[in-house]
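# Sequence and predicted structure, then a few things I'm wondering about:
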Amino acid sequence: MKFLSRYYSQLITLLIGAIVGFLCNRIINGAYFEQKINPVSAASFALTIILALYLEFSVRPSISNNRNEKDLLIDQLKEMKTSLSEIHSLYISSRDNNLTSDYKKDITVKLRTLSNQINALIELSQYCVISKSFLKKEIFTKPYFSYKAALTGNGFDLDAFVYDRIHFNDTERKYNNLGKAIMHCIVDVNKL
């Protein structure tokens, strides 16, 4: 079974070549078709073989390549969504307390990781045929920088910095905007 799954296209080509060779040998050696064989049916058979070869060697690899590109892009987007969730859960766990330098460092590192993932997605999309037209850096950079400013703005580097309830709604809204941009992009990539 493994042999057939690995070499099925070569076996199909061999079978078709054998049939075409047999028919060519019969025609060249003077064998004539009887009246029972309809030339339209023979032409239909030949056209079916040609169409099958075209689909096997032209269309199927193209569809496979598109699916692989979609999977790469979707995996990268899912990693971005995971990083965003980690950042936000860290924010939720520390927003009512004074932030230690470890929390600040964790938030800064995770924001940097998310930024690198956005850049990696944009670079990946430049090499993918299916996403060149709609995956632009602006889709993510504006919501990312808004969310980053909400998390690290106004004295984040000071020792007495705390997240207060005034900025909670703003941060939540910006988190949701970035999350929506990622989810919309996943759906758009899957539609291609």
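It's in.

# mind checking pLDDT for residue 134?
Model confidence at residue 134, given as pLDDT, is 64.

# neighbours around residue 187, how many?
Other residues lying near residue 187 total 10 when counted by other C-beta atoms under 10 Å. Bear in mind the C-beta positions are built from the backbone N, C-alpha and C, glycine included.

# try residue 139
If we define neighbours as other C-beta under 10 Å, then residue 139 has 18 of them.

# quick one, what contacts it?
Residue 139 makes contact with 181, 185, according to C-beta atoms under 8 Å, 6 or more residues apart in numbering.

# That one and residue 178, how far apart?
10 Å (C-beta to C-beta, to the nearest Å).

# what's downstream of the longest helix along the chain, the next helix or strand?
Longest helix of the chain, by residue count under DSSP state H: helix 60-94. Downstream of helix 60-94, the next assigned helix or strand under DSSP states H and E is helix 101-127.

# Next, the angle helix 60-94 makes with that following helix.
Calculated by axes from the mean of the first three to the mean of the last three C-alpha atoms, to 10 degrees, helix 101-127 forms an angle of 160 degrees with helix 60-94.

# Please name every helix or strand in contact with helix 101-127.
In this structure, helix 101-127 packs against helix 60-94, helix 138-152, with contacts taken as 3 or more C-beta pairs under 8 Å, 6 or more residues apart in numbering; DSSP states H and E.

# Could you tell me the least trusted of those helices?
Among the helices and strands packed on helix 101-127, helix 60-94 carries the lowest mean pLDDT (a mean of 82).

# Next, the angle from that helix to helix 138-152.
Helix 60-94 runs at 10 degrees relative to helix 138-152, counting by the same axes, to 10 degrees.

# Mind listing what's buried along helix 60-94?
Using 16 or more other C-beta atoms under 10 Å as the test for burial, helix 60-94 gives 69-70, 72-73, 76-77, 79-81, 83-84, 87-88, 91, 94.

# for that helix, the distance to its chain's centre please.
Here helix 60-94 is found 8 Å from its chain centre; the criterion is C-alpha atoms, centre = their mean, to the nearest Å.

# ok, now stretch 151-171?
35 Å.

# again with stretch 159-176
When distances are taken as C-alpha atoms, centre = their mean, stretch 159-176 is centred 32 Å away from the chain's centroid.

# Dump it to CSV, restricted to CA.
Below are the C-alpha coordinates for stretch 159-176, written out as CSV (Å, rounded to 0.1, in the frame of the first residue of the first chain):
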residue,chain,number,x,y,z
ASP,A,159,9.2,51.9,40.5
ALA,A,160,5.8,53.2,41.7
PHE,A,161,4.0,52.4,38.5
VAL,A,162,0.7,50.6,38.9
TYR,A,163,-2.1,49.7,36.6
ASP,A,164,-5.2,51.6,37.7
ARG,A,165,-8.8,50.9,36.9
ILE,A,166,-9.1,54.1,34.8
HIS,A,167,-7.0,52.5,32.0
PHE,A,168,-8.5,49.1,32.3
ASN,A,169,-11.3,49.7,29.8
ASP,A,170,-8.9,51.3,27.3
THR,A,171,-6.4,48.5,27.6
GLU,A,172,-9.2,45.9,27.2
ARG,A,173,-10.5,47.7,24.1
LYS,A,174,-7.1,47.8,22.5
TYR,A,175,-6.5,44.2,23.4
ASN,A,176,-9.7,43.2,21.7
